[in-house]
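Undergrad: okay, here's the prediction I keep looking at, along with the sequence it came from:
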Amino acid sequence: MNRTTRLKELIRAREILVMPGVYDALSAKIAEKCGVKAVQVTGYGLAGSNLGLPDVGIMTKTQMVDLTRNICRAVSIPVMADGDTGFGNAINLYYAVRDFEAAGAAGINLEDQFFPKRCGHMGGKQIIPFEEAVKKIEAAAAARTDPDFVINARTDAIAVAGVEEAIRRGNAFAKAGADLVFVEAPTNPDDVKRVIESIEAPVSINMIYAKGSKTPAISIRQLEEWGAARVSVPVMPLFAAARALERAYTAVAKDDVEAMDGEIFAFQEFTDLVGLPEIQELERLFLDTAELDARYHR
């Protein structure tokens, strides 16, 4: 089964699909190792880890497609891309969908913010007009070459125009061809439950699980009971990794590396994670035995 079909099946299943965020090939491999069924590329993670900048639309389409391709190649589970606003109008978005699909993604997030966009949990967002937003989702649906490639239509309308507008847009996006509707940043549990119940399509909710987010922390099981099809957890793993790096660099700076005992991978464990045994098997298959002995002192 290809990964697009697998992702669509997971979204339609009765059990909620949990998709944590990944921001590079390594984080994706660790997520897969931990038993995650599918992952979400986080645009904030790409910007933060590669540019050291916030998620405010600075990364180019080419940068995001290339980084997404690396992630897709690193794992066997479905990967959903972050297509931001499609990097322009409906025509730009059409070709963005083609590019992310060709990179190996099983689906894509697409937003109804003005370009340049802002992270959904930042202030100062603006949304494009209703009709333009619907046409962009129509363009996305028309652009995919695989009918199972998942269009995840995100609306940031709650922060700008209220929950009723978010519901109106969500239902219109579903009619325009979206497979999944992503309502960003509801500010209370009642609104979360309301959008899930009011949108006539599978609904995705975003959980930050970090202090300062606009949406209160709601358990995954509760979201499942309310009928959510998917929950994304985009930046909590990134923030956890950043805190772990801070601890490690502090330990080195203070000559207190013993403080990291039990907190880091063993060397062999990490080399196994990134595939050294597979490389060694290829060497045995395709390199001369004498060369292996001379170079690597087997």
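TA: Right, received. Where do you want to start? As the structure is a prediction and not an experimental result, all values here were calculated from the model.
Undergrad: isn't there a helix covering Arg14?
TA: No. Going by DSSP: H, G, I helix; E, B strand; the rest coil, the assignment for Arg14 is coil, not a helix.
Undergrad: care to break this structure down by domain?
TA: Following automatic domain parsing, the chain resolves into domains at 3-242, 265-296.
Undergrad: restrict the lowest-mean-pLDDT helix or strand in the chain to CA atoms and write it as PDB.
TA: Among the helices and strands of the chain, helix 289-296 carries the lowest confidence by mean pLDDT, DSSP states H and E, at a mean of 81. Written as PDB, here are the backbone C-alpha positions of helix 289-296 (Å, rounded to 0.1, in the frame of the first residue of the first chain):
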ATOM      1  CA  THR A 289      36.800  -8.000   0.600                       C
ATOM      2  CA  ALA A 290      40.400  -7.000   0.400                       C
ATOM      3  CA  GLU A 291      39.400  -3.300   0.100                       C
ATOM      4  CA  LEU A 292      37.200  -3.600   3.100                       C
ATOM      5  CA  ASP A 293      40.000  -5.200   5.100                       C
ATOM      6  CA  ALA A 294      42.500  -2.600   4.100                       C
ATOM      7  CA  ARG A 295      40.300   0.500   4.600                       C
ATOM      8  CA  TYR A 296      38.200  -0.400   7.500                       C
END
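Undergrad: next helix or strand past the lengthiest helix in the chain?
TA: Taking DSSP state H as the criterion, the chain has its longest helix at helix 236-253. For helix 236-253, the following helix or strand on the C-terminal side (DSSP states H and E) is helix 267-273.
Undergrad: quick one: mean pLDDT for that following helix?
TA: The average pLDDT for helix 267-273 rounds to 95.
Undergrad: now do the very next helix or strand once past it against helix 289-296, angle only.
TA: Where DSSP H and E defines the elements, the next helix or strand beyond helix 267-273 is helix 276-286. Here helix 276-286 runs at an angle of 140 degrees relative to helix 289-296 (axes from the mean of the first three to the mean of the last three C-alpha atoms, to 10 degrees).
Undergrad: can you give me the offset of helix 276-286 from its chain's centre?
TA: Relative to its chain's centre, helix 276-286 lies at 31 Å (C-alpha atoms, centre = their mean, to the nearest Å).
Undergrad: just the CA atoms of it, as PDB, please.
TA: The C-alpha coordinates for helix 276-286 follow below in PDB (Å, rounded to 0.1, in the frame of the first residue of the first chain):
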ATOM      1  CA  LEU A 276      25.100   2.200   9.900                       C
ATOM      2  CA  PRO A 277      24.300  -1.500   9.900                       C
ATOM      3  CA  GLU A 278      22.500  -1.200   6.500                       C
ATOM      4  CA  ILE A 279      25.500   0.700   5.100                       C
ATOM      5  CA  GLN A 280      27.900  -2.100   6.300                       C
ATOM      6  CA  GLU A 281      25.700  -4.700   4.600                       C
ATOM      7  CA  LEU A 282      25.900  -2.800   1.400                       C
ATOM      8  CA  GLU A 283      29.700  -2.700   1.800                       C
ATOM      9  CA  ARG A 284      29.800  -6.400   2.200                       C
ATOM     10  CA  LEU A 285      27.700  -6.900  -0.900                       C
ATOM     11  CA  PHE A 286      29.400  -4.400  -3.300                       C
END
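Undergrad: tell me how far stretch 130-147 lies from the chain's centre.
TA: Its chain's average C-alpha position is 20 Å from that of stretch 130-147, according to C-alpha atoms, centre = their mean.
Undergrad: for the remainder of this discussion, apply numbering that starts at 13.
TA: Yep, numbering from 13; the last one is stretch 142-159 now.
Undergrad: buried set for that stretch?
TA: For stretch 142-159, a neighbour-count test (16 or more other C-beta atoms under 10 Å) marks 145-153, 155-156 as buried. Every C-beta, even on glycine, is put in place using the N, C-alpha and C of the backbone.
Undergrad: what's the most buried one of the domains of the chain?
TA: domain 15-254 (a mean of 20; mean count of other C-beta atoms under 10 Å).
Undergrad: what about the protein, any weak spots by pLDDT?
TA: For the chain, the stretches flagged by pLDDT under 70 are 310.
Undergrad: please enumerate the helices of it.
TA: 15-24, 37-45, 55-62, 73-86, 102-114, 142-155, 169-173, 175-188, 201-210, 232-238, 248-265, 279-285, 288-298, 301-308.
Undergrad: which other helices and strands contact the first one?
TA: Helices and strands touching helix 15-24, as assessed by 3 or more C-beta pairs under 8 Å, 6 or more residues apart in numbering; DSSP states H and E, comprise strand 162-167.
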